[in-house]
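Q: coords please:
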Amino acid sequence: MKRLLTLTVAPAVLFALAGTLLFAQQPQRQLTPEQQAQLQAQQAATREDHQRMLKLLNIKELRPGANGSNPQAPNFANYDESKVKPYSPLPDPLTLKNGKKVTSAKVWWNQRRAEIVEDFDREMYGRMPKVTPKVKWEVTSTTNEEKYGVPVITKQLLGHVDNSSYPAVTVNIQLMLTTPANATGPVPVMMEFGFIGPRPGAPPNANAANAANAATPWQKQVLDKGWGYATLVPGSIQADNGAGLTAGIIGLVNKGQPRKADDWGALRAWAWGASRALDYFETDKAVNARMVGLEGHSRYGKATLVAMAYEPRLAIAFVSSSGAGGAKIHRRNNYGEMVENVAAPSEYHWMAGNYMKYAGPLTANDLPVDAHELVALCAPRPVFISAGSVEKGDGWVDAKGMFLAGAHAGPVYKLLGKKDMGTMEFPPMETGLMNGDITFRQHSGGHTPGPNWPTFLTFADRYFKGPMAAAK
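A: The predicted structure is shown next:
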């Protein structure tokens, strides 16, 4: 099932079908006339910016993407492995641009890694400014309470981004941190890209209904280990729509002007926000800042992998159902989510403008890098790649394509003295490949990280009770 995209200005959802925009109001809630007007204005601004970028790139039109919601559509997404078309060989992460092989960790760190980063910066995720505004963290409230039977201390925080260079744009990063009240020292923290309070656009009492139908909440599982958890709100860093690109942190550094073709997109911006949260954790005595993990699901799974690749202070990543633009091999472009979908008006803002070239006139086979190299940029740190089942609605993210990215990142991990997945054979459902430092598991549920949380936390425990814990 194609995922719905939550807008920030009103409780509505946006989704792409066949590369065009269709806007649908959630049936549980009725928009007011003012909200409807805001939504229409946002739609128009998004389309205008998308067209502006196409003109900047001298592209007349893009190829349509896959239809993820209507099985009767002629371009319905392919979920049949036998129909996956052959694709060009993957770029070798251990071959320099001059053709020489990388045979030592020194050459990886000093030369090859920078080459890969440059390709991702220019063609996919965009360049982050060399200097970004300072963030001043404010603890707005501290609450002693009980969560899941555990006494905890919960802090609500705002990260005030210095906007003195352009006061017309204000950015306040929302972060919530919960740590065990009885901890005898700093604890590991699992941070999630998510929401604080009700998810925008959700029907009344949705959180309670979801909790009743869910397995043990991941937050309880974390607390049961004696760790803390945090929630970082991506929409407080950068809006999840094209209309917002002249606001948020991207709009602030651009002083309200539209992006250039290689400027950063929302994924890099959200990853930047995760780095700023780490800045705060390094000042909080309740947190062991050397043991902070990051989890994200769906589009936030994409952002999690990007953050892990670019932020060396993150200790571990749980990359859930990230699909194209995340852990999925781009060159498998006729299974589930396609480059053309990510380049469409509903998703293009996640990426650099240059990425749109690969939905017309170029193709995914022309990309200078692919997802296995994004995973490789995380090395030598541990990464857990997660997906649900096709039958339960998670075929869109291409579980096998994500597995292959992890498997093909293995040579870099081995070069740096770590373990790869140990196989190039896609495993059966519910069979975790958990012995290496890159791991993978496909659960039998749907588009959710929930069933894989216990497996991930067991994986994380291996590191947080091992050398990292001894070094704190």
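Q: all strands in the stretch 101-250 of the chain, in order from the N-terminus.
A: Ranges of strands within the stretch 101-250 of the chain are 135-147, 150-161, 172-180, 187-193, 228-232, based on DSSP state E, counting those that start in this stretch.
Q: nearest to residue 438, out of these?
A: Checking those against residue 438 by CB to CB gives strand 187-193 as the closest, at 18.8 Å. Any C-beta I mention is one placed from the backbone N, CA and C, and that applies to glycine too.
Q: and the contacts of that closest one?
A: With contact meaning CB atoms under 8 Å, 6 or more residues apart in numbering, strand 187-193 is reached by 177, 179-180, 218, 222, 225-232, 234, 270, 274, 277, 281, 286-288, 291-297, 300, 303-304, 315, 318, 457, 460, 464.
Q: could you redo the last one with a cut-off of 7 Å?
A: Residues outside strand 187-193 that contact it (CB atoms under 7 Å, 6 or more residues apart in numbering): 179-180, 222, 226-232, 234, 270, 277, 281, 286-288, 291-296, 300, 303-304, 464.
Q: low-confidence ranges, the stretch 201-350 of the chain, go.
A: By pLDDT under 70, the low-scoring segments of the stretch 201-350 of the chain are 201-214.
Q: picking up where we left off before, let me have the strands of the stretch 101-250 of the chain in JSON lines, adding mean neighbour count and distance to residue 43 as columns.
A: Shown next, in JSON lines, are these (neighbours: other CB atoms under 10 Å; distance: least, CB to CB, whole Å):
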{"stretch": "strand 135-147", "mean neighbour count": "12", "distance to residue 43": "31"}
{"stretch": "strand 150-161", "mean neighbour count": "18", "distance to residue 43": "27"}
{"stretch": "strand 172-180", "mean neighbour count": "22", "distance to residue 43": "25"}
{"stretch": "strand 187-193", "mean neighbour count": "25", "distance to residue 43": "25"}
{"stretch": "strand 228-232", "mean neighbour count": "25", "distance to residue 43": "27"}
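Q: can you check which of those gets nearest to residue 240?
A: Closest to residue 240 of those is strand 187-193 (CB to CB; 11.0 Å).
Q: skip the chain neighbours and tell me the closest residue to residue 378.
A: Closest residue to residue 378 apart from its sequence neighbours, by CB to CB, 6 or more residues apart in numbering: residue 308 at 4.6 Å.
Q: got a list of what the one you found touches?
A: Applying CB under 7 Å, 6+ apart to residue 308 gives the contacts 294, 314, 317, 378, 383.
Q: change it to 6 Å
A: Going by CB atoms under 6 Å, 6 or more residues apart in numbering, residue 308 touches 314, 317, 378.
Q: next one: it from residue 318, what distance?
A: Look at residue 308 and residue 318: by CB to CB, to the nearest Å, they are 10 Å apart.
Q: do residue 34 as well
A: From residue 34 across to residue 318, the span is 39 Å (CB to CB).
Q: the two - which one has more neighbours?
A: Using other CB atoms under 10 Å as the criterion, residue 34 and residue 318 rank with residue 318 on top: 30 against 9.
Q: wait, a helix at the more buried one?
A: No - counting by DSSP: H, G, I helix; E, B strand; the rest coil, residue 318 is not found in a helix; it is strand.
Q: which residues touch it?
A: 295, 384, 456.
Q: go again using 8 Å as the cut-off
A: Residues near residue 318 by CB under 8 Å, 6+ apart: 190, 293, 294, 295, 296, 304, 384, 386, 449, 452, 453, 456.
Q: give me the low-pLDDT residue ranges for the stretch 1-150 of the chain?
A: Short version for the stretch 1-150 of the chain, where the test is pLDDT under 70: 1-29.
Q: what segments of it are helices?
A: For the stretch 1-150 of the chain, the helices defined by DSSP state H, counting those that start in this stretch cover 33-56, 105-107, 113-120.
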